[in-house]
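In: model the structure of this input:
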Amino acid sequence: MASLHPTVTITNIRNFISIILEIDGGQYTSWVELFKIHCRGHDVIQHILPEEGPTPKPTTEKNKEKANAMTLYKRLDSIILQWIYSTISKYLLITILKPDSTAAQAWKSLENIFY
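Out: Numbering: from 1, shown residues only. The predicted model follows:
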């Protein structure tokens, strides 16, 4: 039986990241730091900062294992995306929300707004 990734056990990210990022609140740096700490603690930092960890590439011989690895990666990425969306203001959410976006794309969109 496969073990449960710790990321899927987070039911309310706002219990861990209490700052709601606002366009004019001046808390971007604090929000980023809290978010990165949380992602590192759950071993998913590569979803927002690909340079900090390898994106898992399935290298097994079995197609089922490859599919499972990619399914888990996509699931984790969706969870990280939900974390981002739940900790930003509605204005920022509407600004960066795009169909089929990844966590890294949303992260970069926010970075571009504040820098």
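In: which parts of the helix or strand of the chain with the lowest mean pLDDT are buried?
Out: When each helix and strand of the chain is scored by mean pLDDT, DSSP states H and E, helix 63-86 comes last, with a mean of 84. For helix 63-86, a neighbour-count test (16 or more other CB atoms under 10 Å) marks 73, 76-77, 79-81, 83-85 as buried. For the C-beta atoms, the positions are set from N, CA and C on the backbone; glycine is no exception.
In: the residue most central in space within the chain and Asp24, how far apart?
Out: The chain has Ile80 as the residue nearest its centroid, 2.6 Å off, counting by CA atoms, centre = their mean. Separation of Ile80 from Asp24 (CB to CB, to the nearest Å): 25 Å.
In: how close does the closest residue to Leu81 other than its chain neighbours get to Gly26?
Out: The shortest distance from Leu81 to any residue that is not its chain neighbour, by CB to CB, 6 or more residues apart in numbering, is 4.6 Å, and that residue is Ala103. From Ala103 across to Gly26, the span is 24 Å (CB to CB).
In: for Ala69, same thing?
Out: The value you get for Ala69 to Gly26, if CB to CB is used, is 40 Å.
In: circling back: pretty sure the residue nearest to Leu81 sits against Asp77.
Out: Yes - assessed by CB atoms under 8 Å, Ala103 is found in contact with Asp77 at 5.1 Å.
In: need the overlap of contacts for these two.
Out: Taking CB atoms under 8 Å, 6 or more residues apart in numbering as the contact rule, the neighbours common to Ala103 and Asp77 are His47.
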